[in-house]
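[1] Okay, sequence plus prediction incoming.
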Amino acid sequence: MRLAVAPLVLAGVASIGLLAATDLRSAGTALKPLPWGQAHYYEGCGGCHGLDGISARREIPVLRDSVGAFLCSAEGRRYIVRLPNVAFANMDDRTLAETMNFVVFELGRGSVPAGARPYTAEEVGSLRRMPLKNQPLAQLRATVLAQGSAPCRASAAPGIASAVSLR
C-alpha cells in the first residue's frame, strides 16, 4: 500500500511546486540571484556571524554596523583578511574579495570610514598568504581597533565612534 501512495504524494508535491512557481511568475515577482560575495558570506560565515551580521554568541564578533572600523587603519584592513577563517576560506581570491567587500561595506554600513576602498583580489591574495595562526586574536583585535580609533574619530564618519569597541 505504501508503494502505491508514494507516487501520488510525489506528484502532489511536484504540482504544488509548479503552481507556486507559476504564481510567482504570473505575479511579476522575479527571483534574483544574490550578489556573489553575499551568497558566499551566507554560506561560509553567516552560520556563526549571523545572516544579518549579528552573532548570537559573545565570543563571535558582531559585524553589523561595526566591522568597517577595521578599515580605519592599514593594520586593521590587513587583520580582517588574515584571520584564519577568512584566510583559509575555501574561495578563490576574487570571491573572497567580493565576500569581504560585502561584509565591510554592506554589513559594516555606517562604521566604514569615508574614503575606504574595496578589497581587490590581488590584495586579498597577498594578505591571505600571511594568516594569523597561533596568535592571541582577541588581543590583536583590541590593539588594532585601538590604533585605528583616533583616525576614525577624527574623520567623524557616522557610526564609527560606537563601532570601534566592537563589543
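    Happy to help now that I have it.
[2] What distance do you get for the closest residue to residue 64 other than its chain neighbours to residue 107?
    In space, and not counting its chain neighbours, residue 64 is closest to residue 53: 3.4 Å by CB to CB, 6 or more residues apart in numbering. No exception for glycine: its C-beta is placed from N, CA and C like everyone else's. Note on residue 53: its distance to residue 107, by CB to CB, to the nearest Å, is 4 Å.
[3] Could you pull out the helices in the chain for me?
    2-26, 36-44, 46-49, 74-82, 84-87, 93-101, 121-127, 137-155, 160-163 (DSSP state H).
[4] for the most centrally placed residue in the chain, what are its contacts?
    Taking CA atoms, centre = their mean, the centroid of the chain lies closest to residue 103, which sits 3.6 Å from it. Contact partners of residue 103, counting by CB atoms under 8 Å, 6 or more residues apart in numbering, are 37, 41, 45, 53, 63, 67, 80.
[5] again, only using 10 Å
    Contacts for residue 103 (CB atoms under 10 Å, 6 or more residues apart in numbering) come out as 37-38, 40-41, 45, 49, 53, 63-64, 67-68, 70, 80, 86, 119.
[6] ok, now residue 124?
    81, 86-87, 89, 91-101.
[7] Closest to residue 144 out of the residues you listed?
    Nearest to residue 144 among these: residue 81, at 12.1 Å, using CB to CB.
[8] Domain ranges for this structure, per the record?
    Split into domains by automatic domain parsing, the chain comes to 1-32, 36-163.
[9] Name the nearest residue to residue 36, ignoring sequence neighbours.
    That would be residue 98: by CB to CB, 6+ apart, it lies 5.0 Å from residue 36.
[10] give me the number of residues near the one you found?
    23 (other CB atoms under 10 Å).
[11] Surely it and residue 37 touch.
    Yes: counting by CB atoms under 10 Å, residue 98 touches residue 37, with 3.3 Å between them.
[12] which residues do the two both contact?
    Common neighbours of residue 98 and residue 37, counting by CB under 10 Å, 6+ apart, are 91, 119.
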